[in-house]
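Novice: Have a look at this fold, sequence not included:
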Ligand SMILES: Nc1nc(O)c(N)c(N[C@@H]2O[C@H](COP(=O)(O)O)[C@@H](O)[C@H]2O)n1
Ligand SMILES: [Zn+2]
């Protein structure tokens with residue numbers, strides 16, 4: 001891999017990111033056409049049903065695509081989905097070389113795009129900035145492999161591990177800058193989930209709080225449906241809200257919520273695993289768990305969480321009964337602890353954000369099998 005290839009692939013990733021949070025169930029992809037060392041066309045995939053990144057880049061390059069090199073962050077597709085195969089568009093445009101960031105894990109593509117281009121006499125290079133390409137589409141890769149959305153557990157806690165005071169007060173643990181990062185994270189996710197307790201105690205908005213940015217679907221998991229008549233989440237002009245509950249729960253509130261434009265769905269079993277399967281069927285890529293400790297523990301136990309984002313404030317609140325971010329996981333010994341992998345941390349204003357991934361293999365253990 002040379003520096004020029006790397007910088008063109010990073011350009012593809014920057015282009016792809018323009019559609020952050022808007023492509024589900026499709027990946028974010030960027031493409032750049034280079035002729036004689038100059039960029040002559042570029043594009044990104046804006047969302048499902050719209051042309052792929054390669055098509056936009058070829059359109060912009062026009063006749064200059066002939067004999068050119070195209071960089072694309074994901075293997076070109078070779079199937080008829082919502083759109084025709086990009087391999088055929090690349091062959092028709094007469095490109096000489098295709099530089100691919102990563103192989104598409106989608107079984108409908110999975111190497112066949114690369115094979116088709118090589119059969120047509122096009123030079124193909126694979127794996128430039130592969131790790132960065134994979135990182136950008138970690139939710140897409142997870143969705144394809146496990147047939148579930150990618151789950152992120154986000155919480156903010158004090159230095160002594162509390163997410164609220166003993167009386168349940170939690171505004172605010174972290175500073176403005178960290179809360180801004182959370183708002184951006186929401187804009188990048190397809191759904192954000194809380195439990196009924198969070199609605200009753202915190203009355204959150206769960207929006208991205210940015211004028212132009214999109215909002216995730218706000219999801220409430222509640223068995224009893226004993227929730228206030230007035231909550232910010234019922235203000236559906238701000239963002240859509242879905243309440244998932246059990247069959248027959250609080251019919252009066254169901255009627256009121258429907259009148260307010262809130263979608264209420266009764267599920268036969270209201271577990272994190274069932275909810276993730278429901279959200280998979282809606283085509284979602286990424287789901288943000290912003291719930292309290294009890295629901296967080298069951299989401300972890302049921303492999304509905306893959307990544308943890310812990311915001312840690314340099315504050316001590318104390319309190320024997322003050323809640324912590326993760327409830328009982330049934331572990332008795334420290335050796336049973338879930339040790340996060342690929343851990344990183346950074347400071348955001350006065351706070352710290354620690355990120356990491358729960359150990360792989362838990363999906364298989366929970367019976368969710370790879371294709
Ligand atoms: N290489 C590439 N570029 C894009 O811009 C893409 N969106 C994809 N997506 C792949 O094709 C599948 C979706 O196809 P349709 O949009 O339904 O036609 C998606 O699952 C990826 O495998 N690839
Ligand atoms: Zn395509």
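Specialist: Now that the structure is in, tell me what you want to look at. Model, not experiment: these values are computed from the prediction. Numbering: from 1, shown residues only. Ligands and ions are numbered 1, 2, ... in the order given.

Novice: where does residue 300 land in three-state SS?
Specialist: Using DSSP: H, G, I helix; E, B strand; the rest coil, the three-state assignment for residue 300 comes out as helix.

Novice: quick one: pLDDT of it?
Specialist: With respect to pLDDT, residue 300 scores 98.

Novice: surely it meets residue 153?
Specialist: Yes. Contact criterion CB atoms under 8 Å: residue 300 and residue 153 qualify, at 7.0 Å. Where you see a C-beta, it was placed from the backbone N, CA and C, and this is true even at glycine.

Novice: In terms of neighbours, single out the busier of these two.
Specialist: Set residue 300 next to residue 153 and count neighbours by other CB atoms under 10 Å: residue 153 wins out with 25 against 22.

Novice: residues contacting the more buried one?
Specialist: 289, 296, 299-300, 305, 307-309, 325 (CB atoms under 8 Å, 6 or more residues apart in numbering).

Novice: where's it, which helix or strand?
Specialist: Residue 153 is part of strand 150-158 when elements are defined by DSSP states H and E.

Novice: Residue 179 now?
Specialist: helix 176-188.

Novice: relative to strand 150-158, how tilted is that helix?
Specialist: 160 degrees (axes from the mean of the first three to the mean of the last three CA atoms, to 10 degrees).

Novice: What's the mean pLDDT across stretch 324-335?
Specialist: Here the average pLDDT along stretch 324-335 is 97.

Novice: centre of the chain versus that stretch, how much separation?
Specialist: 26 Å (CA atoms, centre = their mean, to the nearest Å).

Novice: Just give me the neighbour total for residue 346.
Specialist: Residues contacting residue 346 under the criterion other CB under 10 Å number 10.

Novice: Tell me the helices and strands packed up against the helix or strand containing it.
Specialist: Secondary structure assigned from DSSP H and E places residue 346 in strand 341-348. If you count contacts as 3 or more CB pairs under 8 Å, 6 or more residues apart in numbering; DSSP states H and E, strand 341-348 packs onto helix 176-188, strand 351-357.

Novice: Would you mark the buried spots in that strand?
Specialist: Across strand 341-348, burial judged by 16 or more other CB atoms under 10 Å covers residue 348.

Novice: now that strand against strand 351-357, angle please.
Specialist: Using the same axes, to 10 degrees: strand 341-348 against strand 351-357 is 160 degrees.

Novice: now residue 64, nearest residue through space, not along the chain?
Specialist: In space, and not counting its chain neighbours, residue 64 is closest to residue 40: 4.2 Å by CB to CB, 6 or more residues apart in numbering.

Novice: Pull the contacting residues for the one you found.
Specialist: Taking CB under 8 Å, 6+ apart as the criterion, residue 40 is in contact with 33-34, 60-61, 64-65, 68.

Novice: Going by neighbour count, which of the residues you listed comes out on top?
Specialist: For the contacts of residue 40, the largest number of neighbours (other CB under 10 Å) sits with residue 33, at 28 neighbours.

Novice: Helices of this protein, start to end?
Specialist: With DSSP state H as the criterion, the chain has helices at 3-16, 53-61, 86-93, 112-119, 130-136, 138-146, 176-188, 196-202, 251-259, 272-281, 293-301, 362-365.

Novice: how much does the second one deviate in direction from helix 112-119?
Specialist: Read that as helix 53-61. Computed by the same axes, to 10 degrees, the angle between helix 53-61 and helix 112-119 is 50 degrees.

Novice: quick revisit: quick one: contacts of the strand holding residue 346?
Specialist: 174-175, 177-178, 181, 311, 352-360.

Novice: want to try a markdown table for the helices and strands packed on strand 341-348, with mean neighbour count, mean pLDDT and distance to residue 201 as columns?
Specialist: Formatted as a markdown table, these follow (neighbours: other CB atoms under 10 Å; pLDDT from 0 to 100; distance: least, CB to CB, whole Å):
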| stretch | mean neighbour count | mean pLDDT | distance to residue 201 |
| --- | --- | --- | --- |
| helix 176-188 | 18 | 97 | 18 |
| strand 351-357 | 17 | 98 | 22 |
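
Novice: Determine which of the ones you listed approaches ligand 1 most closely.
Specialist: Among the helices and strands packed on strand 341-348, helix 176-188 comes nearest to ligand 1, with 17.0 Å by CB to the nearest ligand atom.
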